[in-house]
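K.L.:
sequence isn't available, so here's the structure alone:
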């Protein structure tokens, strides 16, 4: 989504103003969105929730299958009531420093349309970050903290071996379409877990995530069908 990320500073961006999001065209090519643990219950009402295939048990909202987000209409509007925080961060993001990768800096997508109009300044007359910039920093700090706790919460899914790479097939107009590139919780492996493990997961909230994940897979057919339609032209 971020085409020209730059660390925010008053010399380069002192004259930029922010107008807020009026279109989600920037996310039209986004087919997944990482989810925070606190988002999963609400997100499962709208999106299939799957897991990334890597060394982290990262929950993802599946937004499309053919390089296009099916939750954005022709006018660039998001079509369901819940938008993942990963999307809502834009056009702000954290960037790491060259010397210290632990140090995070507020960055922006400098060519984002939110900075093209007449809006609220990113800096005060004194050169200090404005309310827009400090609000973005607060949101991103909370997002970063929650992202780390989400990784920790879901790590037992990976450690226990219940996550399996999956290729699902969906029938659309008498044709079978393969949907792959992600992991799901295998029901048989889950049922084979010791009772004490399931009790720990119930207390941590991980059990609720598993059931929300399974329930959310009912949306796969909808996403597959929408992804089979002609692509929406970009504006």
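P.N.:
It's in. Keep in mind that this is a model prediction, so the values were computed, not measured.
K.L.:
assumed residue 178 was part of a strand.
P.N.:
Yes. Under DSSP: H, G, I helix; E, B strand; the rest coil, residue 178 falls within a strand.
K.L.:
bridged to it, which residues?
P.N.:
Taking DSSP bridges, one finds residue 169 as the beta-bridge partners of residue 178.
K.L.:
the helix or strand hosting residue 33 packs against which elements?
P.N.:
Following DSSP states H and E, one finds residue 33 within strand 32-34. Where contact means 3 or more Cβ pairs under 8 Å, 6 or more residues apart in numbering; DSSP states H and E, strand 32-34 is packed against strand 59-62, helix 85-88. Bear in mind the C-beta positions are built from the backbone N, C-alpha and C, glycine included.
K.L.:
which parts of the last one are buried?
P.N.:
Buried residues in helix 85-88, counted by 16 or more other Cβ atoms under 10 Å: 85, 86, 87.
K.L.:
ok now that helix, how far from the chain's centre?
P.N.:
6 Å (Cα atoms, centre = their mean, to the nearest Å).
K.L.:
residues in contact with the very next helix or strand once past that helix?
P.N.:
Next helix or strand after helix 85-88 toward the C-terminus (DSSP H and E): strand 92-96. Identification of contacts with strand 92-96 by Cβ atoms under 8 Å, 6 or more residues apart in numbering yields 2, 5, 7, 102-109, 136, 139-140, 144.
K.L.:
just the buried residues of those residues.
P.N.:
By neighbour count, with 16+ other Cβ under 10 Å, the contacts of strand 92-96 hold 2, 5, 7, 104, 106, 107, 108, 109, 136, 140 as buried.
K.L.:
greatest separation within the residues you listed: which pair is it?
P.N.:
Spatial extent of the buried ones among the contacts of strand 92-96 (Cβ to Cβ) is set by the pair 104 and 109 at 16.4 Å.
K.L.:
how about the helices and strands packed on strand 32-34, which one is nearest residue 208?
P.N.:
strand 59-62 (12.2 Å).
K.L.:
pull the distance from that closest one to the chain's centre.
P.N.:
Its chain's average C-alpha position is 7 Å from that of strand 59-62, according to Cα atoms, centre = their mean.
K.L.:
packing partners of that strand?
P.N.:
Using 3+ Cβ pairs under 8 Å, 6+ apart, strand 59-62 sits against strand 32-34, strand 49-51.
K.L.:
who's in contact with the first one?
P.N.:
Counting by Cβ under 8 Å, 6+ apart, strand 32-34 makes contact with 52, 58, 59, 60, 61, 62, 63, 84, 86, 87, 147, 182, all of which sit outside it.
K.L.:
rewinding a little: wait, which of the helices and strands packed on strand 32-34 is closest to residue 27?
P.N.:
When the helices and strands packed on strand 32-34 are compared by Cβ to Cβ, helix 85-88 sits nearest residue 27, at 5.5 Å.
K.L.:
give me the helices and strands touching the closest one, please.
P.N.:
Other elements packing on helix 85-88 under the criterion 3+ Cβ pairs under 8 Å, 6+ apart are strand 32-34.
K.L.:
if anything else comes up later, I'll come back, but that's it for now.
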